[in-house]
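Student: Got a sequence here, can you model it:
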Amino acid sequence: MVNCSISTPFAEDFVRGLSPVMMGFLIFLLVMSLSTCALFMEMWVYLSRKISCTHVKDRCLIVLSLFPVIGVAAQLGLIVPRSAMLADLLSSAYTGMALFAFFHLTVAYLGGETEMLEKLQSVECTLHVGPCCCCCFCLPTTPMDKRAYSIFRKCVSQTVVLIPILIIAVLWADGEVFPGEGTTDRRSQPQG
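Tutor: Reported below is the predicted structural model:
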């Protein structure tokens, strides 16, 4: 069996091997990625003029830049096939960071942690929501208090830390991070 990481083409070979239809599709995707970046720039100018609080503005920009970052990373992963895992790492890490920023942006819009907890003290938080936990009716509803806020904050924080660590672990196991140090280094094995 041939190892896929060895047979991954270089960017020049990949682009040279594309048919005209596939090249047109690749150009269309590039235009779409660039238009997403242009829309983000427009939102950046708008937020810079309209929002004076730098904390809220920075969090908004992090959340709004999620789509251009993922679009550009996916485009680079498509054009340069050998960088696909790195592009996936970038996308996943930035998604976790944007989720963390969105959580703190929500808290900021509700007036901060203490004011948010005062406003939401009578709200029961349902934990069996989609897409993953919609069938887990055994999960309890919990009041929104300081303890629940702390748990929710830790759950959101773990995405910032765990996703990049897991992707790096997969790269290490494949021998991509430190060649020859992975669990199975197939480059030194003869191919059959």
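Student: now the helices for this structure?
Tutor: Counting by DSSP state H, the chain has helices at residues 4-7, 11-16, 20-50, 54-64, 66-79, 84-109, 113-119, 146-173.
Student: I'd like to know which of these is closest to His128.
Tutor: His128 lies closest to helix 146-173 among the helices of the chain, at 14.7 Å (CB to CB). All C-beta spots, glycine's among them, are computed from the backbone N, C-alpha and C.
Student: buried set for that closest one?
Tutor: Ala148, Tyr149, Val156, Thr159, Val160, Ile163, Pro164, Ile167, Leu171 (16 or more other CB atoms under 10 Å).
Student: before we move on, back to that, quick one: closest of the helices of the chain to Cys138.
Tutor: Minimum separation from Cys138 across the helices of the chain (CB to CB) falls at helix 146-173, 17.1 Å.
Student: who does that closest one touch, helix- and strand-wise?
Tutor: helix 84-109, helix 113-119 (3 or more CB pairs under 8 Å, 6 or more residues apart in numbering; DSSP states H and E).
Student: Need the residues that contact the last one.
Tutor: Meaning helix 113-119. When contacts are defined by CB atoms under 8 Å, 6 or more residues apart in numbering, helix 113-119 is touched by residues Val107, Leu110, Gly111, Met144, Asp145, Lys146, Tyr149.
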